[in-house]
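*Asks:* Return atomic coordinates for the entry below.
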Amino acid sequence: MKTFSALLIILSAFIFLSCSKSPEKEIQGKWKYTGTGAIFEFMKDREMKLILTYGIIPGKYTFPAKDSIKMEFTGSSPEGVKIPDIYGNAVIRGDSMFIIYDESGIEQLMRFVRVE
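*Replies:* Purely as a prediction, here's the structure:
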């Protein structure tokens, strides 16, 4: 009986984990960065847009390892300043996303809420 219960628990955990969405699917859509109000839009082809008041900065995103994200921006600001790439740990829970990354030796936290 104990063996059956243990197998049932393991099987239930496996089914639960296999049903959860991958980060590639969960991130798709528009997210508002609560620090500035900027909108990040993630498309399913791993393309992304940073939507600012002065324009749109295109980019690409990947998940190089479990719970990590890399965002590479291919455009720059109107002044010609390149937007720095972001590589850090990502956590997506429903309509909230958190990215923790290192910037010049200082740990930064970005909080996002899903808008679409």
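
*Asks:* all helices of the protein, in order?
*Replies:* For the chain, applying DSSP state H gives helices covering 2-19, 23-26.

*Asks:* where do the strands sit along the chain?
*Replies:* 29-33, 39-42, 47-52, 55-62, 68-73, 86-93, 96-103, 106-114 (DSSP state E).

*Asks:* tell me the mean pLDDT over stretch 79-89?
*Replies:* The average pLDDT for stretch 79-89 rounds to 91.

*Asks:* in that stretch, what counts as buried?
*Replies:* For stretch 79-89, burial by neighbour count (16 or more other C-beta atoms under 10 Å) applies to 83, 86, 88. Heads up, the C-betas are built off the backbone N, CA and C, glycines and all.

*Asks:* residue contacts, residue 39?
*Replies:* Counting by C-beta atoms under 8 Å, 6 or more residues apart in numbering, residue 39 makes contact with 30, 31, 32, 33, 49, 50, 51, 115.

*Asks:* 7 Å instead, please
*Replies:* Residue 39 sits next to 30, 32, 51, 115 when contact means C-beta atoms under 7 Å, 6 or more residues apart in numbering.

*Asks:* out of the residues you listed, who's nearest residue 44?
*Replies:* Closest approach between these and residue 44, by C-beta to C-beta: residue 30, at 13.2 Å.

*Asks:* For that closest one, give the beta-bridge partners.
*Replies:* residue 41 (DSSP bridges).

*Asks:* didn't it look like it was pressed against residue 97?
*Replies:* No - applying C-beta atoms under 7 Å as the test, residue 30 and residue 97 come out as separate, 11.4 Å apart.

*Asks:* ok, back up a step: show me which of the buried residues of stretch 79-89 is closest to residue 23.
*Replies:* Within the buried residues of stretch 79-89, proximity to residue 23 (C-beta to C-beta) peaks at residue 88, which comes in at 13.0 Å.

*Asks:* Would you mind measuring from that closest one to residue 78?
*Replies:* Distance, residue 88 to residue 78, using C-beta to C-beta, to the nearest Å: 26 Å.

*Asks:* hang on, the earlier thing: need the buried ones from the contacts of residue 39 selected in PyMOL.
*Replies:* This is how PyMOL selects the buried members of those, with burial counted by 16+ other C-beta under 10 Å:
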select buried, resi 32
